[in-house]
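K.L.:
next comes the sequence, and after it the predicted model I'd like to discuss.
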Amino acid sequence: MTTATPRTLAEELRTRSDRGLAGLLRARPDLLNPVPGDLTQLATRAGTRASVVRAVERLDTFALQTAEALAVAPDPCPYGTLAALMTGDAGDAAVAAALPGAVAVLRAQALVWGPDDRLRLVRTARELLTPSAARPSPTGLGPTVAEATAGMSPGRLQEILAAAGLPATHDPVSAVAALTALFADRARMAALLETAPAEAAAVLDRLLWGPPYGAVTDRPAAHLRWLLERGLLLPAGARNVVLPREAALHLRAGRAHRAPEPAPPALAPATTRDPQLVDNAAAGQAFTALATVEELLKEWDLGGPPVLRAGGLSVRDLKRTAVALDTTEPLAAFWLELAYAAGLIASDGEADERYATTPAAEDWLQLPDHERWAALVAAWLPATRTPGVVGTADPKGRALAALGPHLDRSPAPEVRHRVLTLLATLPPGTAVPEQALLARLRWERPLRAAAPAGRPPTSASPAPSPAAPDTTTPAAPTATDDLRSRLAQWALTEAELLGITGRTALATHGRTLIGADANAPAASTDTAPEGATPPLTPAEATASAARAAALLAPLLPEPLDHVLLQADLTAVAPGPLRRPLAEALDVLADVESKGGATVYRFTPGSVRRALDAGRSAAELQAFLTTHSRTPVPQPLAYLIDDVARRHGRLRIGAATAYVRCDDDALLSEILADRRAAALRLRRLAPTVLAAQTSPDQLLDGLRAMGYAPAAESAAGDVLVSRADSYRTPPRTAPTPVPDGPPPPDRTLLEAAVRALRAGDLAATAERKPAAAPTTAPTPGALPRTTSAETLATMQAAVLTSSPVWIGYVNADGAASQRVIAPVRVEGGYVTAYDHTSDEVRTYPLHRITGVSELADDAV
């Protein structure tokens, strides 16, 4: 049986297969929220402005150019006409070969419908893409002759026909048709333009690729009058004129776009490196990332900086954190945001609010290195908070603060995933320049790169004057012009910092991270993004990060249990140290430099710090002997013994504060020292001094003078100085802010397609006419029958095993119509197979508004 040509989008959707409907819902997930009741509702929702804008924004450059060509073509448009607009009179093999795919993309996303001889752009998309004076088209074309002459007097139309050498007509409609036919006729149009003044041809050339509007004076020059008299320039206002679309297409040799882009920019030039070197470089950077986050947690172990009243970290505190991490402020903001996304730092929520590490940080520090890396990467992949915007101004002109509000950028996960996916299409060990990746991303999403979200692209150029029109076309956005390009640049930088890439090439574990097979051949880089996998959800990111971490683990350096002591009072750690050793050395020595090897320096202050923590000189000597591959140098042993000998000779307690020492000569020396004046000391006894400061201030003051005092308790025992770690209450990591509804999974798609089919069956199934209808039925209205009729019809349907159409109101009062096959009627309930939900359900009879039998061939 021959299928009739669909008259509406809903009718065409009914002809699609389940796979085709699932593809539409996958490409446009906003259509699923909530699931439409039938295909008519789906078509209506697919034509709403918000949904169409979102769909058009996600088109690649060539699909968008095809849609723009359809917007300036007749409606409906035969495929041959569209092909002529895209390839021009001379033809273009590459464009012609890619055009069927672009039309298929538009058709799959319900932006175009109809057979090839009657292609129709959905009305909302046509309104968005059709050129107008207020919203010029990227094609640079103006209105048609019919649109530009609307409202023109019949006499003026006849004058134009006469000047163009056309016979007079009897009405304006035929006059417009004659002028349109002239401009569309290549031979006659060429003959007319041969008689044009040279200056007139120059004006047409300047208006050719847009904008097509210009301004004229009250007394135009002779060459402009020639164009106006023949309709090659038509009025577009009091002193404005426009180049008609048909005339422009002739001058362009039939091409709607100056430069069609049927293929994406190549990812070139490519630099090939040894994949093993790439993996090793990435692993080294991954370990550096772990060390940096660990250093941040150590820096904030006793409590971090305060939270600004508006939220976030102050500029001063960000600078201090950058100095502590030995990095720049932008990179410090990245590490802070990464730790925050992983739930390792948060605000404590107290009245005097400040930042601190969370209880989860303790658990993270105890994990193996590769698992710690997996936790960081799993938090980074789906994160929408964007540290790259820290320091920029918000809409109110205020600087955005690290860890503060308004840092979410919803497209970040999708851009991040797409950048890594493009790198995965290259052979292992291959890197390409950043600009090549940015050019590909701009081709894939031109509207998001060139215009604000929710708006079609517009020209920023004012209407040119025909006397001196502007020949400059809007430049393609550079890498810093749009958010999408900046997100891509930040993604590349952050991937390198995290060790996902090494030397700008994707590492083996980086391929596993996004689900690419490291051993499979590289995919074609010419694949458009419509078929690309969506960004990972947090749960998927966690699973993929765990798989990638398993590949990274053998490449990470093994923690060491020893250092190399040197005679210059330094210790060299030739690699990462085991945690107990590293923590002990942090107390006993000061870090002098970091890198491939960490250099620790022993000073009197660092040794005193270890003694304050409760260690004895013998314990320190034994610790160094155990963990050093070289003998303990004599200068270091002398330093420890000397500081230990002097440590605790002075005892400080709380009076306000006092100093106690068995050596009264030492106390006399302190009293005579001018530097002790600020402490306001006085002698209470030969071996005791009293101070008018707190014990902590007295300790710091005497240590600054070069002494080694020790605090003591009321019982006279030495107090061990160990600062307590400060932790926030349990906190959850920030939730990403999605860019629209999440992509549906296979289960949801299958259920949605079944519901659409069943709902459409219920809405369109032919019903048997009632025996004696009292009123004409309203299309789409629920059936109405009495309780007795409903019960009788249900019982009859059970006996005949025939489906029926019912109206049903649920407990919330929502009305719907369904097609069911009753199985049993008893106790005021009907049990039936529901074609709408594809399951057996039970319905209370009192909630059924009415029932109607279906025609014999309806199901």
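P.N.:
On my side now, so go ahead. Everything numeric in this text was worked out from a predicted model, so none of it was measured.
K.L.:
contacts and neighbour counts: CA atoms only from here.
P.N.:
OK.
K.L.:
pull out the buried residues from the longest helix seen in the chain.
P.N.:
Looking across the chain with DSSP state H, the single longest helix is helix 275-299. Residues of helix 275-299 classed as buried: 275, 278-290, 292-294, 296-297, 299 (neighbour count, 16 or more other Cα atoms under 10 Å).
K.L.:
which helices and strands does that helix pack with?
P.N.:
The contact analysis (3 or more Cα pairs under 8 Å, 6 or more residues apart in numbering; DSSP states H and E) places helix 275-299 against helix 315-325, helix 329-341, helix 369-380, helix 483-498, strand 501-502, helix 508-513.
K.L.:
residue ranges in the stretch 201-350 of the chain under the pLDDT threshold?
P.N.:
For the stretch 201-350 of the chain, not a single residue meets the criterion pLDDT under 70.
K.L.:
CA atoms only: put stretch 612-628 into CSV for me.
P.N.:
In CSV, the C-alpha atoms belonging to stretch 612-628 read as follows (Å, rounded to 0.1, in the frame of the first residue of the first chain):
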residue,chain,number,x,y,z
ASP,A,612,58.6,20.4,71.5
ALA,A,613,56.6,17.6,69.9
GLY,A,614,57.9,15.2,72.6
ARG,A,615,60.9,13.6,70.9
SER,A,616,64.2,13.3,72.8
ALA,A,617,67.6,13.7,71.3
ALA,A,618,68.3,10.0,71.4
GLU,A,619,65.0,9.3,69.6
LEU,A,620,65.9,11.8,66.9
GLN,A,621,69.4,10.3,66.5
ALA,A,622,67.9,6.8,66.2
PHE,A,623,65.2,7.9,63.7
LEU,A,624,67.8,9.4,61.4
THR,A,625,70.1,6.4,61.7
THR,A,626,67.2,4.1,60.8
HIS,A,627,66.0,6.0,57.8
SER,A,628,69.3,7.3,56.3
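K.L.:
number the residues from 491 up from this point.
P.N.:
Sounds good: first residue 491 from here, last item stretch 1102-1118.
K.L.:
now that stretch: mean pLDDT?
P.N.:
Averaging pLDDT along stretch 1102-1118 yields 88.
K.L.:
how about it: buried residues?
P.N.:
Here stretch 1102-1118 shows 1102, 1103, 1105, 1107, 1110, 1114, 1117, 1118 as buried, counting by 16+ other Cα under 10 Å.
K.L.:
as TSV, those with secondary structure and distance to residue 595 would be great.
P.N.:
Formatted as TSV, the buried residues of stretch 1102-1118 follow (DSSP: H, G, I helix; E, B strand; the rest coil; distance: Cα to Cα, whole Å):
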residue	secondary structure	distance to residue 595
1102	helix	72
1103	coil	69
1105	coil	73
1107	helix	77
1110	helix	72
1114	helix	70
1117	helix	66
1118	strand	67
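K.L.:
about what we covered before: which residues touch the longest helix of the chain?
P.N.:
Contacting residues not belonging to helix 765-789 are listed as 811, 814-815, 825-826, 829, 834-835, 847, 851, 855, 859, 862-863, 918-919, 986-993, 995-999, 1042, 1045-1047 [Cα atoms under 8 Å, 6 or more residues apart in numbering].
K.L.:
if you set the cut-off to 6 Å instead, what comes out?
P.N.:
918, 919, 988, 989, 991, 992, 997, 1045, 1046 (Cα atoms under 6 Å, 6 or more residues apart in numbering).
K.L.:
between it and helix 819-831, how big is the angle?
P.N.:
80 degrees (axes from the mean of the first three to the mean of the last three Cα atoms, to 10 degrees).
K.L.:
any idea how far helix 765-789 is from the chain center?
P.N.:
Remark: helix 765-789 is offset 25 Å from the chain centroid, using Cα atoms, centre = their mean, to the nearest Å.
K.L.:
one more: stretch 553-562?
P.N.:
Worked out by Cα atoms, centre = their mean, stretch 553-562 lies 26 Å from the chain centre.
K.L.:
and for stretch 846-856?
P.N.:
On the basis of Cα atoms, centre = their mean, stretch 846-856 sits 28 Å off its chain's mean C-alpha point.
K.L.:
and it, which residues are buried?
P.N.:
846, 847, 848, 849, 850, 851, 854, 855.
K.L.:
nearest to residue 1086 among these?
P.N.:
Residue 1086 lies nearest to residue 855 out of the buried residues of stretch 846-856, by Cα to Cα, at 21.0 Å.
K.L.:
in terms of helices and strands, where is that closest one?
P.N.:
Using DSSP states H and E, residue 855 falls within helix 849-856.
K.L.:
that helix vs helix 765-789, what angle?
P.N.:
Here helix 849-856 runs at an angle of 140 degrees relative to helix 765-789 (the same axes, to 10 degrees).
K.L.:
picking up where we left off before, neighbour-wise, which of the contacts of helix 765-789 leads?
P.N.:
In terms of neighbours by other Cα atoms under 10 Å, the contacts of helix 765-789 top out with residue 997 at 32 neighbours.
K.L.:
which strand in the protein runs the most residues?
P.N.:
Identified as the longest strand of the chain according to DSSP state E is strand 1305-1316.
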